[in-house]
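Peer 1: Test case, fold it:
(chains A and B)
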Amino acid sequence: DAKTTQPPSMDCAEGRAANLPCNHSTISGNEYVYWYRQIHSQGPQYIIHGLKNNETNEMASLIITEDRKSSTLILPHATLRDTAVYYCIVRVTTSGTYKYIFGTGTRLKVLA
Amino acid sequence: GAGVSQSPSNKVTEKGKDVELRCDPISGHTALYWYRQSLGQGLEFLIYFQGNSAPDKSGLPSDRFSAERTGGSVSTLTIQRTQQEDSAVYLCASSLDSGRWETQYFGPGTRLLVL
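Peer 2: Now for the predicted structure:
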């Protein structure tokens, strides 16, 4: 199974871009990368996902390297409310069934 | 409409006892997911159902864990002979189908404490 590796913690100044890296060097060609976050004591919140191409939505951008061995989640203008644990997840697909491999998460602290 | 509900919200049990955790998904959602979050730890995917079928049970932590879903609705996660390391928050979520994992709605979780 593909595995993801994330730094345990990062700080970011409010208003600046937060760049959260994820390594998934064993990822296979049909395995998607997802990002979720969990704000303290709340349920997980979906952010973005992608396969090969870079993706952008109203929350964030996802940059996937050409070899797909790593990706970066970008929060373009971090606010204090973005302080959370961010999970990089790989969806493994086998014979049409799914399995979700969670990274250990990066605790992002946005500083005023 | 009602969201995903889980019961009980809190459960304290003694080591060696069996426990059942229940999840009621959003009506019409065919996919249902179970996760575990141990204290101070990250999220761990356990199992998912499409309809009443769980295609892959390899994410369950041990053979003491089992899950079933009936009528395409309610699901039960059963832990037999509980151990202290089973203490965690167990989260359930549902989505319209398993191809839309990103649209899942989470329940409030069941906090399990094994003494």
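
Peer 1: Please count neighbours and contacts with C-alpha atoms only from this point.
Peer 2: Will do.

Peer 1: For the chain, which segments count as helices?
Peer 2: Here I'm looking at chain A. Here chain A has no helices by DSSP state H.

Peer 1: switch to chain B, that's the one I care about
Peer 2: Under DSSP H, chain B gives no helices.

Peer 1: ok, which residues in it are in contact with chain A?
Peer 2: Counting by Cα under 8 Å from any Cα of the partner chain, the residues of chain B close to chain A are B:41-45, B:47, B:55-56, B:59, B:102-103, B:106-108.

Peer 1: Select from these every entry located in strands.
Peer 2: Taking DSSP state E as the definition of strands, the residues of chain B next to chain A contribute B:43-45, B:47, B:106.

Peer 1: Closest to A:Arg16 out of the residues you listed?
Peer 2: A:Arg16 lies nearest to B:Leu43 out of those, by Cα to Cα, at 27.3 Å.

Peer 1: burial count for residue 43?
Peer 2: No chain in the question, so chain A it is. A:Gly43 has 16 neighbours, counted by other Cα atoms under 10 Å in any protein chain shown.

Peer 1: look at chain B instead
Peer 2: 21.

Peer 1: Mark which of the residues of chain B next to chain A are buried, thanks.
Peer 2: Burial by neighbour count, 16 or more other Cα atoms under 10 Å in any protein chain shown: within these this picks out B:42-45, B:47, B:55, B:59, B:102, B:106-108.

Peer 1: one step back: adding pLDDT, write the residues of chain B next to chain A out as TSV.
Peer 2: TSV is the format used below for these (pLDDT from 0 to 100):
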residue	pLDDT
B:Gln41	88
B:Gly42	90
B:Leu43	94
B:Glu44	95
B:Phe45	96
B:Ile47	96
B:Pro55	91
B:Asp56	91
B:Gly59	92
B:Glu102	93
B:Thr103	94
B:Phe106	96
B:Gly107	96
B:Pro108	95
